[in-house]
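Take this sequence and fold it.
(chains A and B)
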2 protein chains.
Amino acid sequence: MNASRHSKTDVLQAALKLLDEVGLPDLTMRKLAASLDLQPSALYWHYPNKQTLLAEVSNTIVNFARSVTAGKTWQETATLEALALRDALLAFRDGAEVVSSTLALGLGADRALERLENSIAIENRKLAHAAAESILFLVLGQVWHEQQRMQANSLGVVDNLELSGTPNLEIGIQLILQGLGIKINS
Amino acid sequence: MNASRHSKTDVLQAALKLLDEVGLPDLTMRKLAASLDLQPSALYWHYPNKQTLLAEVSNTIVNFARSVTAGKTWQETATLEALALRDALLAFRDGAEVVSSTLALGLGADRALERLENSIAIENRKLAHAAAESILFLVLGQVWHEQQRMQANSLGVVDNLELSGTPNLEIGIQLILQGLGIKINS
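This is a model prediction of the structure:
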């Protein structure tokens, strides 16, 4: 009953564990409180609402993306950044949905776009921003698709779905970066 | 109680109406049956399960995309196809989520990818497929973001969020198509 018995970090860790166990649709403040042996009201001591908690979960997911060593070209670096983000999203159950909802609400996960944008070394920063945003939405859209298939497979909703992996995602990223070459030269 | 009182089309129309009223998370077979004054079991006469019904809803959304007149270049046509798809998704509450889940389960909405793919007039069909898939996921990821913001605004979850519109989406689509120009020439 004593909120101070659990630090904010404890709550976040418990939320990540619960996400892995039950998935985003069933991640409720009530279940989270129960997993910590707390009253739901005690959680609000650390997080004013579920959105704020999910924003912290999103930051954890986005920060889980590995550091990238600069490639031979900035296009190579940007591709590595995009793939690091994809892998981080895939490492957490419903990762794409958690991060997308936080981004939509403007509550966090900004680091994802920042890293992509910083890796795109062109002078026109407005265009770099547009390209980074496109890569971000492409990665989110693709991982979302993949994670819905994983979910369907684990529930046996339909016959086992092939997980397509990511060859086409890499091509998509490269097309955007190559298109940038034309756009700035023309 | 008599299922034949309602045709399959009636059920689909009622599902579209209910989607608009309550959104995808609350679109249940039970509520749908109630809106038609039927027992839930009667619905299964037309649709064996919710996934099959949602697949039909998805096909309706995707087929709502306007016909596109060929542009001066195939790149222009492909851009118009992508924007027609975006507008169709936006025309239905939670349109991106409904269509993405059906695509993930492999149950329908194939026409979306087909139209994009057909508009990309390059010889390398494997590359055309990869590019079309990238545009599809980019559009889904972007509209998903937009529709989550709409939802948050209507619930007043956070301070009124700006709906960013689509200038960056159009740039993203064009970058992919321009990148294709390099890819096939190199």
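
max-length helix in chain A?
helix A:125-155 (DSSP state H).

Break chain A down into its domains, please.
Per the record, chain A has its domains at A:3-48, A:60-185, by automatic domain parsing.

so how far is the longest one off the chain centroid?
Relative to the mean C-alpha coordinate of its chain, domain A:60-185 is positioned 8 Å out (Cα atoms, centre = their mean, to the nearest Å).

The first one too?
Put simply, domain A:3-48 sits 20 Å off its chain's centre (Cα atoms, centre = their mean).

and A:L36, what is it in contact with?
A:H6, A:D10, A:V11, A:A14, A:L43 (Cβ atoms under 8 Å, 6 or more residues apart in numbering or on different chains). From N, CA and C alone the C-beta is placed, and that goes for glycine too.

Go again with 6 Å.
Shown in contact with A:L36 (Cβ atoms under 6 Å, 6 or more residues apart in numbering or on different chains): A:H6, A:A14.

What values do phi and psi take at it?
Dihedral pair for A:L36: phi -100, psi 0, per degrees, to the nearest 10.

before we move on, back to that, comparing the domains of chain A, which comes out most buried?
domain A:60-185 (a mean of 19; mean count of other Cβ atoms under 10 Å in any protein chain shown).

which parts of chain A sit against chain B?
Counting by Cβ under 6 Å from any Cβ of the partner chain, the residues of chain A close to chain B are A:101, A:104-105, A:130, A:133-134, A:137-138, A:140-142, A:145, A:148-149, A:152, A:158, A:168, A:171-172, A:175-176, A:178-180, A:182.

per-residue confidence at the residue nearest to A:L180 when sequence neighbours are not counted?
Leaving aside its sequence neighbours, A:L180 sits nearest to A:A131 (Cβ to Cβ, 6 or more residues apart in numbering or on different chains; 5.4 Å). With respect to pLDDT, A:A131 has a value of 97.

returning to that earlier point: report the angle between the longest helix of chain A and helix B:125-155.
90 degrees (axes from the mean of the first three to the mean of the last three Cα atoms, to 10 degrees).

Show me what the very next helix or strand once past helix A:125-155 is packed against.
Using DSSP states H and E, the helix or strand that directly follows helix A:125-155 along the chain is helix A:167-185. The contact analysis (3 or more Cβ pairs under 6 Å, 6 or more residues apart in numbering or on different chains; DSSP states H and E) places helix A:167-185 against helix A:74-90, helix A:125-155, helix B:125-155, helix B:167-185.

what comes into contact with the shortest one?
Counting by Cβ under 6 Å, 6+ apart, helix A:74-90 makes contact with A:61, A:64-66, A:68, A:70-71, A:95-96, A:112, A:115-116, A:119-121, A:135, A:139, A:143, A:173, A:177, all of which sit outside it.

Chain B versus A:L38, what's the distance?
Computed as Cβ to the nearest Cβ, to the nearest Å, the A:L38 to chain B distance reads 24 Å.

May I have the secondary structure class of that residue?
coil (DSSP: H, G, I helix; E, B strand; the rest coil).

show me the contacts for it.
No contacts exist for A:L38 under Cβ under 6 Å, 6+ apart.

low-scoring stretches of chain A, by residue?
A:1-4, A:164-166, A:183-186 (pLDDT under 70).

circling back: between the longest helix of chain A and helix A:167-185, what angle do the directions make?
Using the same axes, to 10 degrees, helix A:125-155 lies at 170 degrees relative to helix A:167-185.

Report all helices and strands that helix A:125-155 contacts.
So helix A:125-155, by 3+ Cβ pairs under 6 Å, 6+ apart, packs with helix A:74-90, helix A:95-105, helix A:110-119, helix A:167-185, helix B:95-105, helix B:125-155, helix B:167-185.

and of those, who's closest to A:T28?
helix A:95-105 (14.2 Å; Cβ to Cβ).

and that closest one, what other elements does it pack with?
helix A:50-63, helix A:125-155, helix B:125-155.

Looking at these, which is nearest to B:S35?
Across the helices and strands packed on helix A:95-105, closest to B:S35 is helix B:125-155 (Cβ to Cβ), at 20.7 Å.

just to revisit the earlier point, switch the domains of chain A over to CSV; also include distance to B:L18.
Output for the domains of chain A, formatted as CSV (distance: least, Cβ to Cβ, whole Å):
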stretch, distance to B:L18
domain A:3-48, 19
domain A:60-185, 21
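
Adding distance to B:A82, write the helices and strands packed on helix A:167-185 out as CSV.
Output for the helices and strands packed on helix A:167-185, formatted as CSV (distance: least, Cβ to Cβ, whole Å):
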stretch, distance to B:A82
helix A:74-90, 20
helix A:125-155, 12
helix B:125-155, 5
helix B:167-185, 5
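
out of those, nearest to B:D20?
helix B:125-155 (12.3 Å).

re earlier: who wins for proximity to B:A91 among the domains of chain A?
Of the domains of chain A, nearest to B:A91 by Cβ to Cβ is domain A:60-185, at 18.6 Å.

one step back: can you give me every residue that contacts the residue nearest to A:L180?
Counting by Cβ under 6 Å, 6+ apart, A:A131 has contacts A:I120, A:I176, A:L180.

which among these gets closest to chain B?
A:I176 (4.5 Å; Cβ to the nearest Cβ).

residues in contact with the closest one?
By Cβ under 6 Å, 6+ apart, the contact set of A:I176 is A:A131, A:S134, A:I135, B:L175, B:I176.
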